[in-house]
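> Next input, structure requested:
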Amino acid sequence: MFVDTSIETLRQQMDVNYWSAAYFCHATLNLLLRRRPSCPPSSVMPKHIILTSSVIAFIGLAGYSPYCPAKAAMRSLADSLRNEIEMYNGARRHFSSSLSSNSENNTTILNHDIKIHLVLPGSILTPGFETENVTKPAVTHLLEESDPKQTPDQVAIATFKGLERGQYMITTNWLGELMRGGMLGVSPRDKGFIRDGLLSGIANVIWGFVGRELDAKVYKWGKQNASSLFPTTKISNGK
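Residues are numbered from 1 along each chain as shown. You can find the predicted model right below:
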């Protein structure tokens with residue numbers, strides 16, 4: 001739980017999950033944007049930066065408070081970069097040919113489009129997941145007892161299918177897709193305006209009930225386990 005997690009661990013979660021992604025994107029984009037063109041821009045395939053977040057970026061659950069904000073921050077980073085990179089893609093399409101043809105011009109110019117993608121898997125059946133379950137709070141196990149679990153291969157296949165379709169935000173199972181629909185905000189409608197619009201409406205209705213159920217489960221668990229949350233101390237001599 002958040003109150004039982006050290007400040008050092010909270011910072012570590014941001015370092016491992018958010019800052020590692022931010023450092024990677026910063027270094028990679030600086031490299032790609034400053035690469036001298038070696039062939040005609042039209043013949044160069046796009047470069048893809050793929051970040052792996054988690055469906056927990058869509059929803060906050062008891063027991064995930066040290067981890068959830070870092071994954072949500074990664075989604076916000078990807079959303080921002082996806083929009084920002086279009087500035088460079090637009091500049092490339094407009095100016096790259098004229099700059100490349102001028103041998104006296106030493107200006108570096110992007111000679112390929114850059115695409116940003118965000119993958120949001122759920123629970124993956126790995127040794128790491130087994131280790132996670134050892135220390136995961138009991139109430140968290142309760143909240144996700146019916147969640148779909150996937151093998152690494154299943155997640156990889158779903159990810160590649162999403163990339164082949166040109167999707168920006170890629171979920172890997174039905175629950176993640178429902179969460180995506182309910183939390184799109186201004187993110188691209190990868191599945192089409194009508195389909196994602198309908199999904200968003202359905203998801204908002206469903207989560208209106210599911211959200212209350214999750215809150216009720218946590219509240220009930222707290223009532224049933226009050227002694228472990230607030231252990232009593234013996235009172236002696238009237239003190």
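> ok, now which ones touch the most centrally placed residue in the chain?
With distances taken as Cα atoms, centre = their mean, the residue of the chain nearest its centroid is Ser53 (2.8 Å). Applying Cβ atoms under 8 Å, 6 or more residues apart in numbering, we find Ser53 in contact with Lys71, Ala72, Met74, Arg75, Ala78, Leu118, Val119, Leu120. C-betas here are computed from N, CA, C, even on glycine.
> Mind doing that once more with 10 Å?
Under the criterion of Cβ atoms under 10 Å, 6 or more residues apart in numbering, the neighbours of Ser53 are 17-18, 21, 70-78, 118-121, 169-170.
> ok, of those, which come out buried?
Buried subset of these (neighbour count, 16 or more other Cβ atoms under 10 Å): 17-18, 21, 70-75, 77-78, 118-121, 169-170.
> Inside helices: which ones of these?
Cross-referencing the buried ones among the contacts of Ser53 against helices under DSSP state H gives Ala21, Ala70, Lys71, Ala72, Ala73, Met74, Arg75, Leu77, Ala78.
> How about Lys136: what's its closest non-neighbour residue?
In space, not counting the residues next to it along the chain, Lys136 is nearest to Gly63; the distance is 6.0 Å by Cβ to Cβ, 6 or more residues apart in numbering.
> Check for me that the one you found belongs to a strand.
No. For Gly63, which was evaluated using DSSP: H, G, I helix; E, B strand; the rest coil, the result is coil, with no strand membership.
> from what I can see it touches Leu143, true?
Yes. In this structure, Gly63 sits in contact with Leu143. The criterion is Cβ atoms under 10 Å, and the distance is 7.5 Å.
> Give me the common contacts of those two.
What both Gly63 and Leu143 touch, as defined by Cβ under 10 Å, 6+ apart, is the set Pro137, Val218.
> Compute the number of surrounding residues for the residue nearest to Asp113 when sequence neighbours are not counted.
In space, Asp113 comes closest to Pro46 once its chain neighbours are excluded; the distance is 4.2 Å by Cβ to Cβ, 6+ apart. By the measure other Cβ atoms under 10 Å, the count of residues near Pro46 is 10.
> and Pro46, what does it touch?
Asn89, His112, Asp113, Ile114, Lys115, Gly166.
> Buried ones among these?
Burial by neighbour count, 16+ other Cβ under 10 Å: within the contacts of Pro46 this picks out His112, Asp113, Ile114, Lys115.
> Just the pLDDT for the second one.
By that I understand Asp113. Residue-level confidence at Asp113 comes out at 86, pLDDT.
> That one contacts Tyr88, correct?
Yes. The pair Asp113 and Tyr88 qualifies as a contact (Cβ under 10 Å) at a distance of 8.8 Å.
> Phi first, then psi, for Val55.
For Val55, the backbone dihedrals (degrees, to the nearest 10) come out as phi -60, psi -20.
> How about it, nearest residue that isn't a chain neighbour?
Leaving aside its sequence neighbours, Val55 sits nearest to Gly176 (Cβ to Cβ, 6+ apart; 4.5 Å).
> what does Asn204 give?
Nearest residue to Asn204 in three dimensions, chain neighbours excluded: Gly182, at 5.5 Å (Cβ to Cβ, 6+ apart).
> and what of Leu61?
Leu143 (5.4 Å).
> next one: Ile59
Met179 (6.2 Å).
> Ok, Asn89 next?
In this structure, Asn89 finds its nearest non-sequential neighbour in Asp113, 4.9 Å apart by Cβ to Cβ, 6+ apart.
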